[in-house]
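Output the structure for:
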Amino acid sequence: MDTVSASITAEAARRRTFAVISHPDAGKSTLTEALALHAEVIDSAGAVHGKSGRKGVTSDWMEMERKRGISITSAVLQFAYRDCVINLLDTPGHGDFSEDTYRVLAAVDAAVMLLDAAKGLEPQTLKLFDVCRSRGVPVITFVNKWDRPGREALELLDEVEQTIGLRPMPVTWPLGVAGDLRGVVEIGTGELHRYTRTAGGATKAEVETVPAEVAAAQEPQHWPAAQEEIALLEEIGAEFDEKDFLAGKATPVLFGAALIGVGVGRLLDALVDLAPAPSARDDEDGNPRPIDRPLAGLVFKVQAGMDKSHRDRMAFLRICSGRFERGMVLTHAPTGRPFATKYAQSVFGQERTTVEEAFPGDIVGLVNAGALRPGDSLYAEDKVVFPSIPSFAPEHFAVVRGKDAGRFKQFRRGIEQLDSEGVIQVLTSDLRGDQAPVLAAVGPLQFEVVTERLENEFRAPVSLETLAYSVARVTDAESAEVLNGQSEVEVLTRRSDGVLLAVFVNRWRLETVRRKFPDAKLEPLLAGTVER
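From the prediction side, this is the model:
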């Protein structure tokens, strides 16, 4: 191995690139900020609920996110911890934006599955876990909100195993029932970690390590029960198994309360010690791309309007192989055209810093990336194309029209930009023309984002007319001829790639048409079709 390859391999080994997946309100934004706080890259945490008079979290920068207290967009937080470089890809927590989360999961090497101690596995978590499983992403589980009343720890672990077939391997264990958290027991050593809480988790919680025999004397009411549960776990073989974890058969489990900082530092240690470093990624032909080969990367997100003082558009590139250097000229795989990387940045909340170099696992923000779309590959030297990122099946449709005819250019430019970012799918039809495109969304909140951004960024106020369709299938030109003649059915063209989508008012209507025209092409979209 030459010096350059050795350097790339060594740097990649230090990277940990992961995302947090959860159901809305499980505490994902709180955990994201608590991790940054415990890595000592921010001084104080902002409250995450967007309430009046409180700071918003570092990773929630869009005004609509601050008002609602939800994450809509995805942010990238990079920070050093111990001898590692942590790349935390924050994802939308709301189910209406699961397509954006799906793209993020194409760029990570591991995921933290965040569970609410009172609610356990919830629908959005299940859907995102299915994505992790399909992509072979290993999962670490963090049971959050143990400072509030909730379910029993053993019951939660049983639910994980019975529902998703993932064998729990507890790394820590709570002392005290949910709502009366006395500390967290380290299963490997038997020691108790007791936390000094801070007001609202605004600053890093101090941790006191208490030997087992001292903890037993100090906590006579709770210690015996915890030891019985830990002994039961040992009997059923719940010890950590790295091979099963990386294979997606088992999950390390940690307990805590992100809002007050309990267990967050321990989760960071688990990510460094247990989560995999970047490794060879398969290209679209299934051939692994070694990390020490020349530079190649995958665009997984495109975002504009991140900062009102920067009227630019940024593409987030996951480095998959090689060493990135600012200024290098890459090739855009879909077009074969050169792409200069003079303006390369890392983003921490609203803060931007110039990136001079990056290694496999890192995320680089490429500014003024008008030609790039999510799923595009970039490479230097030898050509490589990574698998594209499929679109979710939309379930909500609306016709959008500009309210001000004098601002049609701004309206059209805004629609084109939001389509290219992947914020919404834009469909067209001969019936309505370019002035009234159809927007297709996974959830109705996407329409709110579109209308707000069109009005604020492009000064193009719009009106929406909701359509009755709720099911979409991929079709072809031949099938479109017969489908367009049916009631409660329409064939639209997806503007981004020319794919024909047949839309139906409901599944019953789809099945009726399918029986009537058995030879018609009606294929489900690749992603977002997991049903339980």
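
can we go C-alpha only for contacts and neighbour counts from here?
Noted.

Could you pull up phi and psi at the residue of the chain most remote from its centre?
Ranked by distance from the centre of the chain (Cα atoms, centre = their mean), the top residue is Ala217, with 43.6 Å. Backbone dihedrals for Ala217, given as degrees, to the nearest 10, come out at phi -70, psi -30.

how near is it to Pro211?
10 Å (Cα to Cα, to the nearest Å).

any idea how far the closest residue to Asp282 other than its chain neighbours lies from Ile389?
When the adjacent residues along the chain are set aside, Asp282 lies closest to Pro288, with 4.1 Å between them (Cα to Cα, 6 or more residues apart in numbering). When Cα to Cα is the yardstick, Pro288 and Ile389 sit 17 Å from each other.

quick one, which of these two is more surrounded?
Per other Cα atoms under 10 Å, whichever of Pro288 and Ile389 has more neighbours is Ile389, with 20 against 13.

Mind telling me what element the closest residue to Val20 other than its chain neighbours is part of?
Here the nearest residue to Val20 in space, its sequence neighbours aside, is Val112; by Cα to Cα, 6+ apart that works out to 4.7 Å. Using DSSP states H and E, the secondary-structure element containing Val112 is strand 110-116.

try Gly265
With secondary structure defined by DSSP H and E, Gly265 is part of helix 264-274.

And that helix, what's buried?
Using 16 or more other Cα atoms under 10 Å as the burial criterion, the residues of helix 264-274 that qualify are 264-268, 270-272, 274.

again with stretch 145-162
Taking 16+ other Cα under 10 Å as the neighbour-count basis, stretch 145-162 is seen to contain the buried residues 145-148, 150-151, 153, 156-157, 160.

Pipe the residues you listed into CSV and attach secondary structure per row.
Output for these, formatted as CSV (DSSP: H, G, I helix; E, B strand; the rest coil):
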residue, secondary structure
Lys145, coil
Trp146, coil
Asp147, coil
Arg148, coil
Gly150, coil
Arg151, coil
Ala153, helix
Leu156, helix
Leu157, helix
Val160, helix
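
Just name the closest of those residues to Lys409, please.
Lys145 (48.6 Å; Cα to Cα).

now that closest one, nearest residue through space, not along the chain?
Take Lys145 and drop its neighbours on the chain: the residue closest to it by Cα to Cα, 6+ apart is Ala257, 4.5 Å away.

What score does the one you found have for pLDDT?
We have a pLDDT of 92 for Ala257.

likewise Ala202?
We note a pLDDT of 64 for Ala202 in this prediction.

Could you do Asp96 as well?
53.

What is the burial count for the residue lying closest to Ala212 once chain neighbours are set aside?
Distance criterion Cα to Cα, 6+ apart; nearest residue to Ala212, sequence neighbours excluded, is Glu191 at 4.9 Å. Other residues lying near Glu191 total 18 when counted by other Cα under 10 Å.

what about the residue nearest to Asp282, distance to Ser7?
Computed with Cα to Cα, the distance linking Pro288 and Ser7 is 20 Å.

Same question for Met314.
Taking Cα to Cα as the measure, Met314 falls 28 Å from Ser7.

How about Leu330?
When distances are taken as Cα to Cα, Leu330 and Ser7 turn out to be 21 Å apart.

Which one's more surrounded, the two?
When Leu330 is set against Ser7 and neighbours are counted by other Cα under 10 Å, the residue ahead is Leu330, at 21 against 16.

and that one, helix, strand or coil?
At Leu330 the chain is in strand, as set by three-state DSSP.

Contact partners for it?
The neighbours of Leu330, taking Cα atoms under 8 Å, 6 or more residues apart in numbering as the test, are 338-341, 378-380.

let's go with 7 Å and repeat that
Residues counted as contacts of Leu330 (Cα atoms under 7 Å, 6 or more residues apart in numbering) are 338-340, 378-380.

If we only consider those residues, which is nearest to Asp497?
For the contacts of Leu330, the closest approach to Asp497 (Cα to Cα) belongs to Leu378, at 18.8 Å.

mind checking pLDDT for that closest one?
According to the model's per-residue confidence, Leu378 sits at a pLDDT of 96.

ok, now Glu416?
Reading off the confidence values, Glu416 has pLDDT 89.

Confirm that it sits in a helix.
Yes: per three-state DSSP, Glu416 lies within a helix segment.

For it, grab the count of nearby residues.
14.

any idea how far the helix holding Gly265 is from the chain center?
The chain centroid and the centroid of helix 264-274 are separated by 19 Å, computed with Cα atoms, centre = their mean, to the nearest Å.

same check, this time on stretch 343-356
Here stretch 343-356 is found 19 Å from its chain centre; the criterion is Cα atoms, centre = their mean.

Excluding residues flanking it in the chain, which one is nearest Val438?
Val399 is the one closest to Val438 (Cα to Cα, 6+ apart), at 4.4 Å.

Need the three-state assignment for that neighbour.
Reducing the assignment to helix, strand or coil with three-state DSSP, the entry for Val399 is strand.

and it, how many residues sit next to it?
Look at Val399: counted by other Cα under 10 Å, it has 19 neighbours.

same thing with the one 5 residues further on?
Taking other Cα under 10 Å as the criterion, the count of residues near Asp404 is 13.

thought the residue nearest to Asp282 was touching Ser321?
No: between Pro288 and Ser321 no contact is recorded; they are 10.6 Å apart, counting by Cα atoms under 7 Å.

which one of the buried residues of helix 264-274 is nearest Arg495?
Within those, the smallest distance to Arg495 is 40.4 Å, found for Leu271 (Cα to Cα).

Secondary structure element holding the closest residue to that closest one other than its chain neighbours?
Spatially, and ignoring its direct neighbours in sequence, Leu271 is nearest to Arg16 (7.2 Å; Cα to Cα, 6+ apart). Element membership for Arg16, per DSSP H and E: strand 15-21.

same thing with Arg453?
Assigned by DSSP H and E, Arg453 belongs to helix 445-458.

as a whole number, average confidence for that helix?
The average of the pLDDT scores along helix 445-458 is 86.

Could you list the buried residues of it?
Of the residues in helix 445-458, those buried under the neighbour-count criterion (16+ other Cα under 10 Å) are 446-447, 449-455, 458.

Give me the contact list for that helix.
With Cα under 7 Å, 6+ apart as the contact definition, helix 445-458 has outside contacts at 96, 410, 414, 424, 460-462.

quick one: low-confidence parts of the stretch 151-300 of the chain?
Across the stretch 151-300 of the chain, residues meeting the criterion (pLDDT under 70) sit at 197-203.

Show me the strands in it, by range?
For the stretch 151-300 of the chain, the strands defined by DSSP state E, counting those that start in this stretch cover 167-170, 172-175, 183-186, 192-196, 206-210, 250-255, 281-282, 288-289, 296-304.

would CSV of those with distance to Gly485 be doable?
Rendered in CSV, the data for the strands of the stretch 151-300 of the chain read as follows (distance: least, Cα to Cα, whole Å):
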stretch, distance to Gly485
strand 167-170, 51
strand 172-175, 61
strand 183-186, 64
strand 192-196, 67
strand 206-210, 68
strand 250-255, 51
strand 281-282, 43
strand 288-289, 47
strand 296-304, 37
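
Since that was my last question, I'll sign off now.
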